[in-house]
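Colleague: quick one, fold the following:
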Amino acid sequence: MANGIDYKNVLNPAQLEAVMTLEGSLLVIAGAGSGKTRTLVYRVARLVETGVPPESILLLTFTRKAAQEMLDRATGLSDARCRFVSGGTFHSLALRVLRVHAELVGFRNSFTILDRSDMEEVIRSLVPELQIPKGAPRFPKRGTLANILSKSANLERPVDEFMTEEYGQFLHFISEIDRLGKLYADYKKSNLLMDYDDLILYLRRLLAEREEVRQDLGRQYHYVMVDEYQDTNTIQADIVRWLAHEHRNIMVVGDDSQSIYSFRGANYKNMFDFPAQFPEARIIKLEENYRSTQPVLTFTNALMRPAGESYTKCLFTKRPGGERPKVVDTRTEPEQAAFVYQCIREQVDQGRSLADFAVLFRAGYHSFELEAELTRQAVHYVKYGGFKFLESAHIKDFLAHLRVMVNKDEAVSWIRILRLVRNVGQGKSQTIIRWMSENKIPPGRVGEWPGAAKNVTGLKPLSKLISRLATHRIKPKKAVEEVLDYYLPILKEKFDDYPRRERELEQLISMASRYRKLRSFLDDLVLEPPTSPADLDAEGRAETLTLSTVHSAKGLEWPVVFIIWVMDGRFPPLRAFDKPSALEEERRLMYVAATRARDQLIVCYPGRESAASWPMAGRGNGLSSFIREIPNDVISYESVGIPRRFSGSFRETKSPNVLHKDKGESSGFSPGDRVSHPAFGPGVVSKFVDDDKVEVLFRNFGRKLLHMEYTTLEKA
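Modeller: This is a model prediction of the structure:
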């Protein structure tokens with residue numbers, strides 16, 4: 001047995017206090033990067049080292065993998081017996097207890113657990129009992145219904161209390177959904193079924209109502225530790241309170257500043273309620289950071305200073321050096337994408353790996369323009385959270401209508417758009433395509449298919465759309481708007497979360513406005529990116545840039561972190577301004593994003609994009625209010641593409657990179673202007689090299705920045 005760990009030399013004073021305090025109640029406020037996991041691991045080792053039976057230690061985490069990794073580390077540090085510590089999730093603990101005591105809550109011990117797909121199938125089978133009238137608005141699909149019922153269970157709130165905010169399109173079905181919840185509960189009871197939510201609900205009920213169960217578990221688990229306590233919901237916090245009710249030996253570890261999962265029912269106030277439930281609790285703050293430089297920590301400390309309700313903590317580090325975080329106004333969305341790419345390219349050229357970088361954002365669709373730019377530049381990336389632009393069904397549906405305009409023989413897109421027509425399946429779509437091909441039928445006459453009967457009337461609206469799209473020289477922006485008008489009713493019929501998908505489709509309008517030709521727009525848009533890390537070989541994965549939503553990045557870190565679209569209306573989103581608690585969570589989300597950076601933090605916002613696209617209803621626009629509150633001496637402010645106009649005469653060159661202009665076009669331009677080249681297609685003026693040279697980022701052919709010597713441009 002290995003023992004005698006020199007705790008004083010491997011732990012800082014606050015960590016040491018948490019590890020050596022074995023008896024009583026303990027609340028550990030663990031700031032980002034402060035060694036939270038290390039503290040838990042060493043405390044497990046210390047308990048076992050002092051003779052505590054490992055079976056009497058309970059370590060609760062949010063994933064089984066996390067618990068196992070901690071116990072493996074403790075075993076390697078101290079004693080092989082650490083592997084016998086009881087580690088797992090709230091749900092796994094609940095299942096163990098309920099298998100023994102199920103009869104006390106009206107079940108037999110042979111009850112069956114419903115996984116998510118089982119839950120959805122049961123719900124689907126119960127919907128007919130609601131007798132929804134024919135002709136009524138579409139009822140939510142089973143996946144949406146499962147989400148609603150699960151959230152109601154976790155929050156212990158009626159569905160009408162949260163549906164207004166999250167499922168407003170189904171408010172007229174509140175009474176039916178409420179009745180469905182009762183039918184579902186009855187079905188589970190009569191068929192001896194429990195879903196995941198039932199497990200923790202019944203465990204809490206046992207602990208609260210059955211003293212013998214509470215005492216038995218108190219004797220079995222004499223020392224309880226809980227990780228990520230800020231992510232517990234009210235039910236889980238009650239379970240923790242009852243588990244430690246008898247012996248009071250409870251340590252919870254968390255960071256209220258990193259509570260970002262309220263949409264799952266997490267309640268960050270559990271951190272503040274803990275001292276009230278355990279008045280004798282000692283509070284220890286882990287404030288020494290082992291991840292970031294001090295300038296980054298000064299930024300994150302200032303970011304959280306205005307927070308309404310929080311445990312005051314001041315992160316610091318002993319790491320020397322570091323530069324102030326940058327806040328960069330990139331003026332436009334294309335320039336934001338170009339700026340991020342250029343920064344990464346420059347540092348990679350200097351020896352950094354792509355794996356050293358992460359680009360974080362509030363919502364998955366915020367990275368669409370950047371994804372297109374990275375694909376053009378052949379940069380390997382993997383995206384976490386949200387979805388890739390071209391891998392979503394509604395994006396594929398939408399673009400298929402445009403693709404048949406530039407290639408009328410593209411069967412894949414024809415099949416996709418035809419199958420969106422009611423009563424047209426795989427067989428009929430193939431027949432229609434064959435008829436058009438054999439008879440050389442123009443796309444706009446698809447509605448004349450001889451086999452069209454009364455039940456296939458949808459071909460005529462499709463035919464009218466395609467005829468409008470076939471208009472000579474239709475602009476890409478206009479084409480996107482036409483398809484959006486046609487597709488929206490289909491979108492609402494096909495997807496329960498259509499409001500979110502509609503907002504994402506609307507992004508295509510602004511993207512299309514930068515192009516003169518539909519083919520160029522589509523060629524640029526549909527370049528295929530890698531879909532997952534597994535698509536790259538082992539060497540490629542080591543050289544992969546990370547794009548991620550902030551929620552998916554929690555717990556991770558990178559040397560260099562970019563946060564993009566840091567603007568009121570995007571991050572924080574517009575809806576957050578209507579609810580103070582929502583705005584506070586957005587602040588915490590920004591804190592999580594910023595604390596992922598080890599060496600360098602770069603915050604970007606395209607300042608010129610705000611007013612037209614994201615009106616803030618009188619609240620102002622531009623750089624996020626969270627950042628504007630931070631003192632100027634904490635941040636290095638920069639901007640790219642400062643407007644400047646050329647004047648005077650310029651020599652032409654016979655270089656193939658010459659830029660031509662239409663007669664009468666003004667020769668003046670600024671960085672951020674959309675331009676066009678007869679050979680290279682559309683581009684964006686990036687920056688000035690000198691008085692007679694500019695850099696232009698071309699969007700076609702994967703072209704990188706080129707130096708141009710002729711400074712009159714054709715406006716795109």
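Colleague: please report phi then psi for the spatially most central residue of the chain.
Modeller: Centroid-nearest residue in the chain: T549, 3.4 Å away (criterion: CA atoms, centre = their mean). Main-chain dihedrals, T549, degrees, to the nearest 10: phi -70, psi 160.
Colleague: go on, R519?
Modeller: Backbone torsions for R519, taken as degrees, to the nearest 10, come to phi -60, psi -40.
Colleague: what sits against it?
Modeller: V406 (CB atoms under 8 Å, 6 or more residues apart in numbering). No exception for glycine: its C-beta is placed from N, CA and C like everyone else's.
Colleague: the stretch 451-600 of the chain: strands as residue ranges?
Modeller: With strands called from DSSP state E, counting those that start in this stretch, the stretch 451-600 of the chain shows them at 545-549, 558-563, 597-605.
Colleague: turn the ones you listed into CSV, including distance to W435.
Modeller: Shown next, in CSV, are those (distance: least, CB to CB, whole Å):
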stretch, distance to W435
strand 545-549, 43
strand 558-563, 51
strand 597-605, 51
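Colleague: in TSV: those strands, plus mean pLDDT.
Modeller: Shown next, in TSV, are those (pLDDT from 0 to 100):
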stretch	mean pLDDT
strand 545-549	94
strand 558-563	97
strand 597-605	96
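Colleague: returning to what we had before: isn't the residue nearest to the centre of the chain up against R362?
Modeller: Yes - T549 is in contact with R362 according to CB atoms under 8 Å; the separation is 7.1 Å.
Colleague: if I look at N423, how far off is T293?
Modeller: 62 Å (CB to CB, to the nearest Å).
Colleague: what of I29?
Modeller: Taken as CB to CB, the span from I29 to T293 is 22 Å.
Colleague: tell me where the model's unsure across the chain.
Modeller: For the chain, applying pLDDT under 70 flags the ranges 1-3, 386-391, 409-410, 453-457, 472, 523-542, 610-621, 641-716.
Colleague: so where's the longest helix in it?
Modeller: If you go by DSSP state H, the chain has its longest helix at helix 476-494.
Colleague: hmm, who's touching that one?
Modeller: By CB under 8 Å, 6+ apart, helix 476-494 touches 138, 393-394, 397-398, 401-402, 405, 420, 461-462, 465, 468-469, 498, 501-502, 505-506, 508-509, 512-513, 515-518, 520-521.
Colleague: looking at N423 and T293, which is more packed in?
Modeller: Using other CB atoms under 10 Å as the criterion, N423 and T293 rank with T293 on top: 22 against 13.
Colleague: which SSE is the nearest residue to the more buried one once chain neighbours are set aside in?
Modeller: Computed as CB to CB, 6 or more residues apart in numbering, the closest residue to T293 that is not its neighbour in sequence is G322, at 2.6 Å. Using DSSP states H and E, G322 maps to neither a helix nor a strand.
Colleague: whichever helix or strand L374 is part of packs against which elements?
Modeller: Secondary structure from DSSP H and E places L374 in helix 368-376. On a contact count with 3 or more CB pairs under 8 Å, 6 or more residues apart in numbering; DSSP states H and E, helix 368-376 meets helix 333-349, strand 381-384, helix 498-512, helix 518-525, strand 545-549.
Colleague: with distance to G447 added, can I get the ones you listed in a markdown table?
Modeller: A markdown table is the format used below for the helices and strands packed on helix 368-376 (distance: least, CB to CB, whole Å):
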| stretch | distance to G447 |
| --- | --- |
| helix 333-349 | 38 |
| strand 381-384 | 39 |
| helix 498-512 | 24 |
| helix 518-525 | 22 |
| strand 545-549 | 42 |
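Colleague: which residues are in contact with the residue nearest to T293?
Modeller: Per CB under 8 Å, 6+ apart, neighbours of G322: 292-296, 599.
Colleague: and of those residues, the nearest to V348?
Modeller: Nearest to V348 out of these is D599 (CB to CB; 14.6 Å).
Colleague: so R282 touches L27, yeah?
Modeller: Yes - contact status for R282 versus L27: in contact at 7.3 Å, counting by CB under 8 Å.
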